[in-house]
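Asks: could you look at this predicted model? Sequence included:
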Amino acid sequence: QVQLVESGGGLVQSGGSLRLACAASGRTFSTTAVPTAVAWFRQAPGMEREFVAGINWNGDTRYADSVKGRFTTSRDSAKTTVYLQMNSLKPEDTAVYYCATRPVVLSTTPGLYNNWGQGTQVTVSS
């Protein structure tokens, strides 16, 4: 299966922006046997992993209510990288952010994803 490599995390002040990237190492998201949905999850210390945003195989996007209007997910034309643009960041956005894939359509349930990246830390200072 496609190996996922995340990048772009870091430390930013409240109100700032970061762009995360999830790269499909060695392949594209569209050359798998089954069309692939790519999602972003995050996990803060002591908290469960939660859905943040995602993009279906057909390009439709979905967002958690907590990030609507602030975060945008997209993919490049070559379908090798999915991005998460995060604007107006808040301290409560601090977490490790993961990208994950599953067949065809998005789900907000982490257990339904069978392929995960290693995660990238995002820290928002107040």
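Replies: On my side now, so go ahead. Numbering: from 1, shown residues only.

Asks: who does the residue nearest the centre of the chain bridge with?
Replies: Geometric centre of the chain, nearest residue: residue 40, 2.4 Å, by Cα atoms, centre = their mean. Taking DSSP bridges as the rule, residue 40 bridges to residue 53, residue 99.

Asks: same check, this time on residue 20
Replies: Bridge pairing for residue 20 - DSSP bridges - gives residue 84.

Asks: near it, how many other residues are there?
Replies: The number of residues packed near residue 20 is 24, by other Cβ atoms under 10 Å. To be clear about C-beta, it is placed using only N, CA and C from the backbone, and glycine gets the same treatment.

Asks: quick one: it and residue 69, what's the gap?
Replies: To residue 69, residue 20 is 17 Å away according to Cβ to Cβ, to the nearest Å.

Asks: what does residue 2 give?
Replies: In terms of Cβ to Cβ, residue 2 sits 30 Å off from residue 69.

Asks: out of these two, which sits in the busier spot?
Replies: residue 2 (18 against 9).

Asks: skip the chain neighbours and tell me the closest residue to residue 85.
Replies: Spatial nearest neighbour of residue 85, excluding adjacent residues (Cβ to Cβ, 6 or more residues apart in numbering): residue 72 at 4.6 Å.
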